[in-house]
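Peer 1: Fold the following, please.
(3 chains)
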Amino acid sequence: MSDAGRTLFLHEDRFFDPEPEVRTFARRLYERTSALPLVCPHGHVDPKILATNEPFSEPASLLILPDHYILRMLYSQGISLESLGVPACDGTEVETNPRAIWEIFSRSYHFFRGTPTRVWLDFELAAVFGVTVQLNEYTASRIYDEISEKLASPEFRPRALFERFNIEVLATTDKATDSLQQHRAISQSDWGGRVIPTFRPDSLFAISNPGWRREIDELSRRSGRDAETYDDFIKAIEQRRKAFGSLGATATDHGVETPRAERLNDAEVRRIFDGALTGRASSDDQTRFEAHMLIEMAQMSRDDGLVMQIHAGSLRDHNTLVAQGFGPNRGGDIPVAAEFTRNLRPLLEEFGNDRDFHLILFTLDESTYTRELAPLAGHYPAVRLGPPWWFHDSIEGMRRFRESTTGTAGIYNTAGFNDDTRAFCSIPARHDLSRRMDANYLARLVATHVIDEDEAHDMAHALAYDLARTAYKLDANG
Amino acid sequence: MSDAGRTLFLHEDRFFDPEPEVRTFARRLYERTSALPLVCPHGHVDPKILATNEPFSEPASLLILPDHYILRMLYSQGISLESLGVPACDGTEVETNPRAIWEIFSRSYHFFRGTPTRVWLDFELAAVFGVTVQLNEYTASRIYDEISEKLASPEFRPRALFERFNIEVLATTDKATDSLQQHRAISQSDWGGRVIPTFRPDSLFAISNPGWRREIDELSRRSGRDAETYDDFIKAIEQRRKAFGSLGATATDHGVETPRAERLNDAEVRRIFDGALTGRASSDDQTRFEAHMLIEMAQMSRDDGLVMQIHAGSLRDHNTLVAQGFGPNRGGDIPVAAEFTRNLRPLLEEFGNDRDFHLILFTLDESTYTRELAPLAGHYPAVRLGPPWWFHDSIEGMRRFRESTTGTAGIYNTAGFNDDTRAFCSIPARHDLSRRMDANYLARLVATHVIDEDEAHDMAHALAYDLARTAYKLDANG
Amino acid sequence: MSDAGRTLFLHEDRFFDPEPEVRTFARRLYERTSALPLVCPHGHVDPKILATNEPFSEPASLLILPDHYILRMLYSQGISLESLGVPACDGTEVETNPRAIWEIFSRSYHFFRGTPTRVWLDFELAAVFGVTVQLNEYTASRIYDEISEKLASPEFRPRALFERFNIEVLATTDKATDSLQQHRAISQSDWGGRVIPTFRPDSLFAISNPGWRREIDELSRRSGRDAETYDDFIKAIEQRRKAFGSLGATATDHGVETPRAERLNDAEVRRIFDGALTGRASSDDQTRFEAHMLIEMAQMSRDDGLVMQIHAGSLRDHNTLVAQGFGPNRGGDIPVAAEFTRNLRPLLEEFGNDRDFHLILFTLDESTYTRELAPLAGHYPAVRLGPPWWFHDSIEGMRRFRESTTGTAGIYNTAGFNDDTRAFCSIPARHDLSRRMDANYLARLVATHVIDEDEAHDMAHALAYDLARTAYKLDANG
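Peer 2: Numbers count the residues shown, from 1 in each chain, chains lettered A, B, ... in the order given. Prediction:
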C-alpha cells in the first residue's frame, strides 16, 4: 500500500491485552465508562481560549507548538526549535509558515512510534478531526487543509469542542497573582461550561530568584494589601486563595524539586523573608523558605478546604541553552530522584491525620510508587495518589502505576485521572487512554479471579469519574 | 444478585495467567506443591497461642486487630482506630463490642479490592472457616456468628489448626530478653508441633532510646550475667543466643532502617557503650553502635551457626500521633530507600565468603532487587534473598521479585517463602498465594521455552519447600 | 526419560509470548531480522584470537573461564574459584584439568535455570557446536569430547566462526596505552573481517591509584610524547585517540562509578595533575579529576568524532578477597545507585545540543530508565541510550528496558544492541536473544494496536541493525 493511502483507524480493542478472556472483560468494562463525562481537575489549558471562544487559527499552532512532548522528541532528533517556529527570546527569526512546520512534524511522525504522543495524536486526528489517512510526509498537506477547514467552522470553536468532548469541569493552573480575568469572563458569560482556576503560588516562594521582588509587588497589587512583612505576605496569600475560591477553585498546586516540608520558627521565617525583600536570600534560604511555605499551604488548605497538590521531582530548565533561547516548557525539564517519606513527615505529622484535608501527591520517580507513596496513601487519611504524571502517562506508565500501588493503597486512595495538558484537543484522547488502561488492568484482575466482574464495574466507574470528583472536592462546588 | 447472597468461591485457577498454555502448566506445577507441608521460618505469631491452646475468642480480635494491613487501610479511609477497638495508650475508651468492629470492617471490605489482604481474608473465610457467602455489610452478622461458633469447637483450637494447616515448623520472633517461657511450655508439652523462637536483639542496640537502660537490666537478669561492660554485654548476648538455640532457634533477625555495617575499634565501641550506660549516647553514637553490632552479630552467627536475617528500610512509627496514641505496629510504618552495596560491604568482606554463614536479606526498596540484592546473592556464598517482604508480598510484588532477581541470582540463591505474619489464620492463605505465584512464574518460563517442564517441577518444589529448609538450616535441628 | 538422554532443542518460538496473536506477529518480525549481519559495536573479545586465528584449545577455557557470569553463579553456590581453575594471583595451585572443571560446571548447570547464561549456553551448545543432548553430570564428558573434536577442525577456527556468525563488525575494548598490535596484525592480514578497537582511558584518570604513574609512563612511551604536564597529557591522549581512529575505532568507552562531569579551571586541574605526578593525589582529587576528564573526553569526541560511551554504576572489586586472590572480572563487581540528571548536566550544557556528538549512556540502575535516561535521550540531540547492560541483558531485563524507555524516548533515541561480551562464542546467542525480545516487544505493540505491522517491521530492522550502525557511526568508517 502506498504511504499516501494508509488508513488511519482507531481499533475498538486498542491497548487491551490480546488474550481473549482479558480482552472480553476489558471491552465490557470500557463500555461502562467510555461515555462518562470528562472530569479534568488538573491541567494547563489557557482559559482565554474558552473566554474568547475564538476559532483556532491552524493545525501547527494548535497541535504542535503548545505540546512540549512533541517539541522534545523532535529536538532530540536534531530538529531545531527555530524550524518549528518556537519564538526565540532574543527575537531571532524563526519559521513563520505553519504549513512548513506541519510538514517537518509530519515527516518526523515515525519518531513517535510507541509513545503516548502518537496515541494521542492519532486519536485527535481521527476522532476529533475526522482524518481518515495516516499522517506522513505524503499526506501532510492534505491533512493540514482538512483540519484548517474544520477549525474555521462553528463546530470547532473551543466551547463547541468543550461540549462535544463532554467535559464536566476543566481546571486550569494559574499564578497566585493572576488577574483571573479570563475566568471571570467565563463565569459572567452566558455559557454554562464549568472552567475553574487552580492556585499555583510557586513563584512567590522563589525568594532567591531575581524576579521575586516583582512577584511580591504583583501580589500586593492584586491582593490590595502591602505584602512587605511576612504577616502581610501570608494574609495576601490567604486573600488570593479566597479570590480563587470565589471563582470556583477547589485546589492549589505546588511544583517542587524536592517535597521537603519543615516548619521554621517565627523569628527565622521573618528573618529570611525580610532578608529576601532586601535582595539577600541565599539558595539555602530559599530551600528552607519553600519547605516552610509547604507547611503553611497545608495549614491554609486545612482551614479553607482547598485540595493541596504536590508535583515533585522535575529539575526545570535542565538545558540552559534551550531555556535561555526559547523560554520554559520547551521539553528541557528532566526528572530527579524524589524522597517523600522523610521530607513530608513534618507536614503529615501536623495535618496528615485529617481526612478533610486532601493532599494529592505526584511523582516523576516511579521507584517511590511502592516504596513510599502507596504506603503513605495506604495509611494517612489525608493522602491520595495522583495519577501517573508527565513522563509516566503512557500505556506502560499507567500499567506500572496500578500494578505498583494497588496492592498497598488499593484504588480508593488514588485520585482518579487527570489529563494535565496544555493541548486542549488532546483531552479526550488522554481520558480515553486512561479509561482503556484502567479497564484492562481491572480485566486482568477479573480474569485471574482476584475480583468479581461486578466489582470491576464499580471500580472502573470510580477510576474514570467518581474518584477525581471526590479527591478534588468537585461536588461541593458543582 | 443481592449483595447478601453472593457466593464466596475460591476459583481453582485463581492468580494464574489466563493464557491457556501458561495456565495449564501453572495448574500442573501448583498441583505438585499445594499439599506440601508449610515451612514457616519467619513470622510473628504469639507463641502463647500454641502454648496454652485456648480457643480463640471471636472473629474481630482474631482477624482484624492483629493485622496492621487491615488497620492501615481502614485508617487511611478515615475510620478511627478507636472505632476498631485498638486499645489507646492513655486509656481513652475505645469500641469494646467486637461485633460492632466486625461490622465496620465488613462494610469497608471493598476498600481492599485488589490488595493481598482481600486475597488472604477470602481464603481464610472460605478455606479455614467454610464461609460460603461474600463478606459485606449484609452478611457481616451472619458470618460473625458462623465463625464464632466454629471457634468454640475443638477443631478450631490453635494446635488443631496448626495440624490442619500442615505446618511443619513455625518460627516466632522474640526479643533477646524474652523469657521463652511459652516456647519452653510448648517443648515440654506432649504436643509434637515444632514451634521455635527467633533471636531479635534490636532493642539492645538502641542505645539512645530512653528505654535502653531497662533493656540492659533485663538482659542481665535473663542471662544471669551483669551486662555493664561491653565485654559482658557481648557475653550475655552469646548466652541468650545459646538459650534460644537450645529451644530450637535456627535464626536471628535484625530490623534496621539502614543496613549499615561497620566495625568500630575496641576503644571506640567501649567508649560508646560506657557513655550509653550513663545516658550519654547521641543518635550518631547509636547509628555507629548499631552498625558495629551488625558485624558482631554476623561473627556470632558464623560461630554459633544461627542464620542471620536483615530486614532493612522501614521507618518505624512515621505517624507519631498513631504511635503515641496506640503503640507500634498499627500501620504507621513507612519505607525509605535502602543501600546495601556500600553499607554491607564491611560485613561481607569479613564473612560473605563463608558458605556456612547464612545471611538472608530483605528489602522494602524494590529498586534494590536488580541493582544490589540479586548481584550480591549471585556472588557471595553467604548471601540469600528473602522473599518479597511486607508491602511487597502481593500478587504483583511476588511477580516483580522473581522477574527481577532470577536473571542474576537464579532461584537457588533465594530463601523460599516465609509468611511473616502475626495473623495465625492467614498462614495457609499466604503460602497458597506464594505457591500459586511461583507456579505461574515457572509456567511462563516453560511456555516461553526457557526451561523444561520437569525442571519447573523441581524448581516449584524447591521454592515451596526445600529452599526455606536449607536457607534456615531447618534440617539440622529437625 | 533418563538424564543422560534429554534432547537439547532450541524451540523456534522460544522467548515469544505464548498468546497466539502476539506469537504470530513475533515470529514474522523475527524472521525479518534473524539473518541480518551482527553489528557488534561494544564488547570485550580479545583481538589476539582473531589476529592469530589459532584453534581454541578446549571447552573449559573457551566457555567457562572468560565468563564472569558463570564464575559468579558457581562461586555463590560455594564452588571455589580454585576448583574452576581460575589462576590465583599468589601462585596457589589451582585445578589444571579442564575436564574436571567442565564436570563441576556441568554438575552445577541447574543453578543457571531462568538466567540468561543458561539461554546463551544452550544456544552455543546447540547452534554453534551441534550438541543434541542437554548438559548435566551424565552428559558432561561426552559433550566435552564432542566440542573438543570440533574445536580442532578448521571450521571452528576463530575467523571461520566470525564469518559463520555473520559478524559485520566487531569492536573490542582496549586500554588507551594498548599497542594495538593485534588490531594492526588483523588489518594488515589478508583476512577481510572488520575488527576495530575502542579507546578506553579509565586507568589514565585514576590518579590516586598506586599504578597510575606507570600508566603515565606507558602513555608517554606509546604516544611518543612526554606526558608530564597536563597539556602534554592532553596532547598524548589526543594522539592515542588518533592512533585508535586510524585502526578503525569509532568510539571511546568510559567506566565510572558515578557519571559525574565537572569542568575544573585551568589552575586547579594543573595543580591536581602535578600533585598526582608526585604521588600526592587524594581520593577527592581523583573524583574531581575524573569528573573533569569526562568533559575533556566529550570535547575531544566533539572534535574528532569518536562516539562517547559512558558505563556507569559498577562498584568494581566489591569482594576484596576475590579481587586480591584472583584479579578483576571474576564476578565480584556489584552495582550502586547512579544519578545522571545532575551529574551529567555540565557536560550536556556544553555538548549535549550537538547532534554530531554522540553520547551513549549505560546504567546498572534500572530506576534511572524512566526517571532520567529516557528523558535525557528524549530531549538532548547528543544522547542515545545503550542497550540493557550486564545484569540487565536478560529476558526480563530487555523487556523492562523497552517498556520503560520507549514511551518517553521512542526507539530512535536508542543505540540498538551490543553484546558486550568477552565470550566470543556467545555473540550469536546474545544477538539472537535480543532480536527475539525486540520482536516480541514490537509484536505486543502490534497486537494492542499501538503500531501497524509494517511499522513494526521497520522498527525491528532498526533495532537489530540500523540503530547500532548509526549510533556508533559505523557507516562512515565501513
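Peer 1: Quick one: residues contacting residue A:5.
Peer 2: residue A:133 (Cβ atoms under 8 Å, 6 or more residues apart in numbering or on different chains). All C-beta spots, glycine's among them, are computed from the backbone N, C-alpha and C.
Peer 1: likewise residue A:435?
Peer 2: A:30, A:33-34, A:36, A:417, A:460, A:463-464.
Peer 1: Need the pLDDT of the residue of the stretch 351-478 of chain A found nearest chain C.
Peer 2: Going by Cβ to the nearest Cβ, chain C is nearest to residue A:394 of the stretch 351-478 of chain A, at 3.3 Å. If you check residue A:394, the pLDDT there is 97.
Peer 1: So for it, what's the nearest residue that isn't a sequence neighbour?
Peer 2: residue C:407 (3.3 Å; Cβ to Cβ, 6 or more residues apart in numbering or on different chains).
Peer 1: Equivalent analysis for residue A:177, please.
Peer 2: Using Cβ to Cβ, 6+ apart, the nearest residue to residue A:177 is residue A:218, at 4.2 Å.
Peer 1: Neighbours of that neighbour, how many?
Peer 2: By the criterion of other Cβ atoms under 10 Å in any protein chain shown, residue A:218 has 19 neighbours.
Peer 1: hang on, it in a helix?
Peer 2: Yes. Under DSSP: H, G, I helix; E, B strand; the rest coil, residue A:218 sits within a helix.
Peer 1: how near is it to residue B:187?
Peer 2: 76 Å (Cβ to Cβ, to the nearest Å).
Peer 1: again, but for residue A:326
Peer 2: Distance from residue A:326 to residue B:187, by Cβ to Cβ: 76 Å.
Peer 1: So if I had to pick from those two, which one is more boxed in?
Peer 2: residue A:326 (24 against 17).
Peer 1: Is the more buried one in contact with residue A:84, as I believe?
Peer 2: No. Contact between residue A:326 and residue A:84 fails when scored by Cβ atoms under 8 Å: they sit 9.7 Å apart.
Peer 1: if we can go back for a sec, distance of the residue nearest to residue A:394 relative to residue C:376?
Peer 2: Using Cβ to Cβ, residue C:407 is found at 14 Å from residue C:376.
Peer 1: Look at those two and report which has more neighbours.
Peer 2: residue C:376 (30 against 24).
Peer 1: can you tell me which residues contact residue A:342?
Peer 2: B:315, B:336.
Peer 1: Could you name the specific helix or strand carrying it?
Peer 2: Residue A:342 belongs to no helix or strand when elements are defined using DSSP states H and E.
Peer 1: So what's the predicted local confidence for it?
Peer 2: Looking at residue A:342, the pLDDT reads 98.
Peer 1: what's the answer for the one 3 residues further on, then?
Peer 2: According to the predicted model, the pLDDT of residue A:345 comes to 98.
Peer 1: again, but for residue A:236
Peer 2: For residue A:236, pLDDT reads 98.
Peer 1: Need the three-state assignment for the closest residue to chain B within the stretch 351-478 of chain A.
Peer 2: Closest approach between the stretch 351-478 of chain A and chain B, counting by Cβ to the nearest Cβ: residue A:407, at 3.3 Å. State at residue A:407, reduced to three classes by three-state DSSP: helix.
Peer 1: wait, it sits on residue B:398?
Peer 2: No. Judged on Cβ under 8 Å, residue A:407 makes no contact with residue B:398 at a distance of 9.7 Å.
Peer 1: in chain A, which spans are strands?
Peer 2: With DSSP state E as the criterion, chain A has strands at A:38-40, A:167-171, A:174-175, A:195-196, A:199-200, A:251-256, A:307-312, A:314-315, A:334-335, A:359-363, A:383-385.
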